[in-house]
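Please work out how this folds:
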Amino acid sequence: MSFSIIIPAYNESKSISKVLDMLTHLTTNKVEIIVVDDCSTDNTVEIVRSFPNVRLLQHRHNQGCIKAIGTGIKAASYDVVVSFDADGQHPVESLQQIVDPILQNKADVVLGVRGSLPRLGERIIAVFSGVTDATTGFRAMKKELVHLFEDDLAYGGMFIIKAKRIGARIIEVPITVHDRIAGYSVHSNYNILKKSLKFALWSFIGVK
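Numbering: from 1, shown residues only. This is a model prediction of the structure:
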């Protein structure tokens, strides 16, 4: 009953220590924690290195959150992986709820669904992907589905549609999102809206 936690990080030095501290105290030696640093310019890397039981992977160039998660999934030791944000918004206590449906072979993808979506672009992506919260950063999936996750311009929306096309079982689990420990999101409202419109067109014309 093991799984890997993938944490994409870009300039999260003010929050990642608390997040890793919570995860390492809650999880057991059957849970692997991987941080993928997306070319941070602060001391995120040094902080992660201070946790001996956490694997650190580093991008040589900034590639974005989706690419960072993909890098972590490919390197994961276990067949079930969980993406988890470095900013402290995701509830550590909900980890078991997110992974159990996959570990019990009841699902292939589990989405940690937020109570509301703060951005119009996220709501557009949710509508066209057919789930409540396609852009959640707190999701579990089988590692074998990583090829569906790569090059996703819609922060997870394209992954959902591709997963549905191959018959993947998708379950949604409500979660309570906390305030960021520090800092701000690197995803601007404008960029998310622009990508959501491209995604809507992509899904409408039925690109394979």
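
quick one: low-confidence parts of the chain?
Within the chain, the segments meeting pLDDT under 70 span 183-188, 206-208.

Strands of that one, residue ranges please.
Using DSSP state E, the strands of the chain run over 3-9, 31-37, 54-58, 80-83, 109-113, 139-142, 170-174.

Quick one, which of those gets closest to I181.
Distance to I181, taken as C-beta to C-beta, is lowest for strand 3-9 among these, at 12.6 Å. No exception for glycine: its C-beta is placed from N, CA and C like everyone else's.

Dump the strands of the chain into TSV; add mean neighbour count as well.
Shown next, in TSV, are the strands of the chain (neighbours: other C-beta atoms under 10 Å):
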stretch	mean neighbour count
strand 3-9	25
strand 31-37	23
strand 54-58	17
strand 80-83	25
strand 109-113	24
strand 139-142	24
strand 170-174	17
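
any chance of those strands in a markdown table, with distance to E46 too?
Output for the strands of the chain, formatted as a markdown table (distance: least, C-beta to C-beta, whole Å):
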| stretch | distance to E46 |
| --- | --- |
| strand 3-9 | 12 |
| strand 31-37 | 10 |
| strand 54-58 | 10 |
| strand 80-83 | 23 |
| strand 109-113 | 29 |
| strand 139-142 | 28 |
| strand 170-174 | 34 |
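
what's the closest of the ones you listed to V92?
strand 3-9 (9.8 Å).

Can you tell me the strand partners of the closest one and which way each runs?
Strand 3-9 has the following sheet partners, assigned by DSSP bridges: strand 31-37 (parallel), strand 80-83 (parallel).

Okay, angle between that strand and strand 54-58 too, please.
50 degrees (axes from the mean of the first three to the mean of the last three C-alpha atoms, to 10 degrees).

Grab the longest helix from the protein for me.
helix 189-205 (DSSP state H).

So which bits of that helix are buried?
Neighbour counts over helix 189-205 (16 or more other C-beta atoms under 10 Å) mark 192-193, 195-196, 199-200, 202-203 as buried.

what's the closest of these to A126?
When those are compared against A126 (criterion: C-beta to C-beta), the nearest one is S196, at 9.3 Å.

do you know how far the closest one is from M22?
31 Å (C-beta to C-beta, to the nearest Å).

cool, I66 as well?
24 Å.

These two - which one has more neighbours?
Using other C-beta atoms under 10 Å as the criterion, I66 and M22 rank with I66 on top: 20 against 15.

ok, for the more buried one, nearest residue in space, not its chain neighbours?
Spatially, and ignoring its direct neighbours in sequence, I66 is nearest to D152 (5.1 Å; C-beta to C-beta, 6 or more residues apart in numbering).

Was I right to think that neighbour contacts F159?
Yes - under the criterion of C-beta atoms under 8 Å, D152 makes contact with F159 at 5.1 Å.

so how many other residues sit close to the nearest residue to M1 once chain neighbours are set aside?
Leaving out its chain neighbours, the residue that sits closest to M1 by C-beta to C-beta, 6+ apart is L103, at 5.5 Å. A count of neighbours around L103, defined by other C-beta under 10 Å, yields 15.

I102 touches V80, doesn't it?
Yes - counting by C-beta under 8 Å, I102 touches V80, with 5.1 Å between them.
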